[in-house]
Structure formats: structure tokens, C-alpha cells
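A.B. asks: Build the 3D model from these lines:
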Amino acid sequence: MPDKEKVKLLWEQVRKETDIPQAVKMIADLTEQAVNERMSETASLRDLIRKLDDDVRADYKQMQRVLYGNGDPSHSILARLERIEENMCKSADNANKATWIVISAVIVQIVLYLLKVL
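C.D. replies: Next comes the predicted model:
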């Protein structure tokens with residue numbers, strides 16, 4: 001892409017041109033050059049967007065494989081989280097049972113102690 005000063009100089013030459021057909025030709029050349037540059041830039045941007053879109057799609061597919069188990073749902077993060085949650089619930093239930101066992105044993109000991117005292 002030509003720099004701004006170079007383009008400005010070319011347009012100044014067009015303005016100074018006294019031969020009308022030559023000025024029209026210069027305008028057409030400058031316009032053609034500008035259009036070609038914009039089309040090239042647009043194509044480059046389109047290619048870049050296409051590449052970024054492909055990259056995002058690949059990242060999304062990779063994320064899906066991790067989350068959903070890459071064809072084996074039992075290895076997915078979601079399945080693992082469910083198993084952790086189930087184990088946490090079982091652990092909590094077991095802790096409650098152990099607490100009641102200890103409380104029951106203490107109550108039994110207290111009752112036995114009271115029976116011996118009376």
C-alpha cells in the first residue's frame with residue numbers, strides 16, 4: 001500500500017495536469033490502483049477471518065471432547081464431576097452414620113452407668 005504522501009503527490013499532479021484526456025487517464029489509473037489495493041486488503045482480511053474461524057472451531061471441538069469425553073462419556077469432565085458429587089454425598093452419609101453410631105454408643109454408656117448407679 002503506498003503511503004499517504006505518495007498518493008497525495010499523485011493527486012496533486014492530476015490537479016496540475018492541463019491535458020484533460022491525460023488527467024482522466026491519471027484519475028482512472030489512481031482509482032484502479034486504489035480499488036485493487038482495497039480488494040487485496042479485503043481478500044487478506046477474509047482469509048484471516050476464515051483462519052480465525054477455523055481456529056475457533058478447532059478449539060471448540062477440543063473443548064467439547066474434554067467436556068463430553070471424546071466419544072467415551074464416562075471419561076468426560078461432566079461424568080467425573082457427577083462421580084465426585086456422588087462420592088461426596090456418600091461420604092456425608094457415612095459421616096452422619098458414624099456420628100450416630102458414636103452418639104448411640106455414648107448414650108448406651110450413659111444409660112449403663114446410670115443403671116449401675118441406681
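A.B. asks: okay, CA-based contacts and neighbour counts for the rest of this
C.D. replies: Noted.
A.B. asks: Which helix in the chain has the most residues?
C.D. replies: helix 20-68 (DSSP state H).
A.B. asks: Packing partners of that one?
C.D. replies: helix 4-16, helix 77-117 (3 or more C-alpha pairs under 8 Å, 6 or more residues apart in numbering; DSSP states H and E).
A.B. asks: Would you mind getting the angle between it and helix 77-117?
C.D. replies: Using axes from the mean of the first three to the mean of the last three C-alpha atoms, to 10 degrees, one finds that helix 20-68 and helix 77-117 are set 30 degrees apart in direction.
A.B. asks: Check Arg57 and give its pLDDT.
C.D. replies: You'll see Arg57 listed with a pLDDT of 93.
A.B. asks: Hmm, I typed the wrong one, I wanted Ala23.
C.D. replies: On the pLDDT scale, Ala23 gets 87.
A.B. asks: residues contacting it?
C.D. replies: With contact taken as C-alpha atoms under 8 Å, 6 or more residues apart in numbering, Ala23 is in contact with 14-15, 17.
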